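>>> Below: sequence and its predicted model.
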Amino acid sequence: MKIIYTILGIFLVLIISNSCENAYKEPSANIVFYSNSNNYLNLYLQGTWVEEFKTSNSETEPDCNNPNFYSREIKTHRYRWCVKDSKTGKSWNIHNEFGELTLPNGECKSIFLDTARGQVMFWSDNIEMNYDIYFNENKVYEFYGSHYQSNNEEPNCGQNNNPTFSLAPGIYESWYVIDLKTNHIWNKNGELGPIEVHEGLCTKIYLREPTNQESGIGQAMFWTNAYGRHIDIYLNDEWAGEISSAFWETPPCGQENCVTLDLEEGIYNNWYAIERENGYIWNENGELGSFEVNSSYCTKIFIEKKPEGQALFWTDYGTEIDIYIDDQLYENALNYCSYSPDCSDNFITKLKLSPGIYTNWYAIDKYNGYKWNENEELGAIEITNDNCTKIHLNKPKGKLMFWTSGNNNIEVYFNDPPETITSYYPNGAPDCNANGCVTLELPIGTYSNWYAIEYDDNDFVFYSSENYAPLIIKQNECTKFNFYDSTNFNLKNSK
């Protein structure tokens with residue numbers, strides 16, 4: 001019984017498998033190739049070689065089911081295809097002159113491969129060729145690249161990378177070529193005449209480069225003497241290029257790192273230039289006027305360096321500080337140095353500013369909000385043309401006052417030389433800078449390296465910072481330390 005069930009199970013699986021296999025078949029169509037000769041040809045689909053096949057000689061379109069003709073089943077999406085004869089070099093549809101294959105499901109298409117072919121070659125004195133070639137309003141060839149032409153002599157067919165392709169024999173009256181770089185069109189109005197293609201021969205078409213006068217195209221070049229600047233040129237509100245080098249004398253047209261444009265003859269009013277570094281704009285309101293393009297010469301537009309000086313902000317205070325000038329934030333403008341830097345140092349950041357006196361400026365510590373020049377205590381910044389002004393942002397300061405409510409004969413060793421407390425205040429702490437106290441102005445921070453000696457009747461008391469909490473100096477505040485205040489110390493050592 002188990003054997004019977006096993007056999008039935010296998011039978012059901014086979015039935016289900018076959019039914020699944022037959023449930024879906026991918027849509028497909030057929031193409032049939034026929035020719036006026038018997039040749040071995042190679043079929044390419046989507047740029048990939050598929051197989052070699054032999055054509056059958058027939059001048060009439062065959063039936064798709066005729067077994068004497070080569071056919072190929074393909075999926076029904078769009079195909080770019082071509083056929084090549086590896087022996088003769090002839091090809092069909094390599095430039096898409098027959099179009100792509102798009103066949104509905106189950107359809108059949110016959111394609112005639114005419115083996116009687118000739119060649120057409122276009123050549124030019126121009127080394128850089130960016131051409132589109134049209135026959136009967138259909139683009140049959142695209143050429144984007146370089147070719148080598150020796151002594152401007154007529155090349156052999158296909159020589160020096162000149163665009164060459166095969167066509168059926170005949171007379172082609174409707175054709176033209178577009179230079180994608182200059183937009184010049186050869187044979188736009190049929191002035192070069194028809195192209196006659198003969199079987200087995202090569203027809204050569206010379207595309208002579210037009211002169212400026214013929215094309216109505218002239219040149220305009222933008223240049224500058226602004227060293228170290230990157231200047232974007234805009235023409236008719238569109239970006240036209242970038243000037244990336246400065247020149248002290250007028251450069252030749254086409255100079256590298258200038259902006260040279262091929263333009264139609266005429267007058268151009270809508271142009272301006274923007275400096276990337278600080279946004280300065282030339283001709284924003286047309287103050288530099290228009291420029292004229294003529295095919296007989298090159299028009300040069302000078303972007304003159306604007307007068308400017310430099311401001312160098314630096315500090316030896318280890319924090320992040322924002323710089324504001326006329327309420328504009330200048331990011332990454334501060335230099336952190338342990339010494340006064342030199343404006344000529346390449347690694348030093350310098351702000352480029354127009355000459356003038358800047359009174360509205362300040363700097364802010366991003367962590368504690370301290371402001372430099374908030375009340376104009378550091379004065380105005382004067383910028384002169386081609387000079388550098390240095391601004392030192394000192395570390396913020398506060399005050400420390402040593403005083404006593406007891407003995408008034410205490411030497412404080414904080415700086416060299418020491419200072420002596422000569423008065424005492426038994427009724428409470430006096431104001432900072434009080435007479436007879438030791439008051440110091442110090443950069444903000446924490447201090448713990450000091451000591452003091454109190455002299456009393458041939459004896460003395462030694463006060464060491466090691467026995468006290470660190471002294472904290474805050475910006476614009478006065479920290480007071482009383483030697484006779486028990487809350488100030490943990491231990492007093494007598495010797």
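Cool, the structure landed.

>>> Now do the contacts for N482.
W403, T404, S405, A429, N488 (CB atoms under 8 Å, 6 or more residues apart in numbering). All C-beta atoms are positioned from the backbone trio N, CA, C, and that covers glycine.

>>> Mind checking which of those are buried?
Neighbour counting with 16 or more other CB atoms under 10 Å marks W403, T404, A429 as buried within the contacts of N482.

>>> didn't Q255 look like it was pressed against M221?
Yes. The pair Q255 and M221 passes the contact test of CB atoms under 8 Å, sitting 7.0 Å apart.

>>> neighbour count winner among these two?
When Q255 and M221 are compared for neighbours, M221 comes out ahead with 20 against 16, by other CB atoms under 10 Å.

>>> Pull up the distance across stretch 291-309, start to finish.
Using CA to CA, to the nearest Å, the end-to-end distance of stretch 291-309 comes to 30 Å.

>>> Name the residues of it that are buried.
F291, V293, N294, S295, T299, K300, I301, I303, E308, G309.

>>> Regarding stretch 424-442, how distant is the last residue from the first?
Start and end residues of stretch 424-442 are separated by 23 Å (CA to CA).

>>> Need the contact partners of that stretch.
Residues outside stretch 424-442 that contact it (CB under 8 Å, 6+ apart): 397-408, 412, 414-415, 419-423, 473, 478, 480, 482.

>>> Could you do stretch 224-243 as well?
For stretch 224-243, using CB under 8 Å, 6+ apart, the contacting residues are 222-223, 244, 246-248, 257-261, 268, 270-277, 282, 302-306.

>>> Mind checking which of those are buried?
Among those, the ones that count as buried by 16+ other CB under 10 Å are 222-223, 246-247, 258-261, 268, 271-275, 282, 303.

>>> before we move on, back to that, quick one: buried ones out of the contacts of stretch 424-442?
Buried among the contacts of stretch 424-442 by 16+ other CB under 10 Å: 397-404, 408, 412, 414, 419-421, 473, 478, 480, 482.

>>> So which of these sit within strands?
If you go by DSSP state E, the buried ones among the contacts of stretch 424-442 have 397-403, 412, 419-421, 473, 478, 480, 482 in strands.

>>> Check those residues for the minimum pLDDT and say which it is.
Among those, K397 has the lowest pLDDT, at 84.

>>> can you tell me which residues contact it?
Residues near K397 by CB under 8 Å, 6+ apart: E441, L442, P443, I444, I473, Q475, N476.

>>> and if you look at W123?
When the contact criterion is CB under 8 Å, 6+ apart, the partners of W123 are H147, Q149, E154, P155, N160, N162, K204, I205, Y206, L207.

>>> So which of the residues you listed are in strands?
Mapping the contacts of W123 onto strands (DSSP E) picks out K204, I205, Y206.

>>> Who wins on neighbours among those residues?
Going by other CB under 10 Å, I205 tops the ones in strands among the contacts of W123 with 18 neighbours.

>>> For L329, see how far away the nearest residue to that residue once chain neighbours are set aside is.
Ranked by CB to CB, 6 or more residues apart in numbering and with sequence neighbours excluded, the top spatial neighbour of I205 is F122, at 4.9 Å. Distance, F122 to L329, by CB to CB, to the nearest Å: 59 Å.

>>> Mind checking which of these two has more residues around it?
F122 (22 against 10).

>>> Can you show me the strands along the stretch 201-350 of the chain?
With DSSP state E, counting those that start in this stretch, the ranges of strands along the stretch 201-350 of the chain come out as 202-206, 217-224, 231-235, 238-243, 259-264, 266-268, 271-275, 281-282, 291-293, 298-303, 309-315, 321-325, 328-330, 334-336.

>>> So what are the sheet partners of the last one and their directions?
In the sheet containing strand 334-336, the strands it pairs with under DSSP bridges are strand 309-315 (parallel).

>>> Then the first one?
Partners of strand 202-206 in the sheet, by DSSP bridges, are strand 118-123 (parallel).

>>> so after the strand it pairs with, what's the next helix or strand?
Going down the chain from strand 118-123, the next helix or strand is strand 128-135, by DSSP states H and E.

>>> Quick one: distance of that next one to the chain centre.
Put simply, strand 128-135 sits 30 Å off its chain's centre (CA atoms, centre = their mean, to the nearest Å).

>>> which other helices and strands contact that strand?
Applying 3 or more CB pairs under 8 Å, 6 or more residues apart in numbering; DSSP states H and E, one finds that strand 128-135 contacts strand 138-146, strand 175-179.
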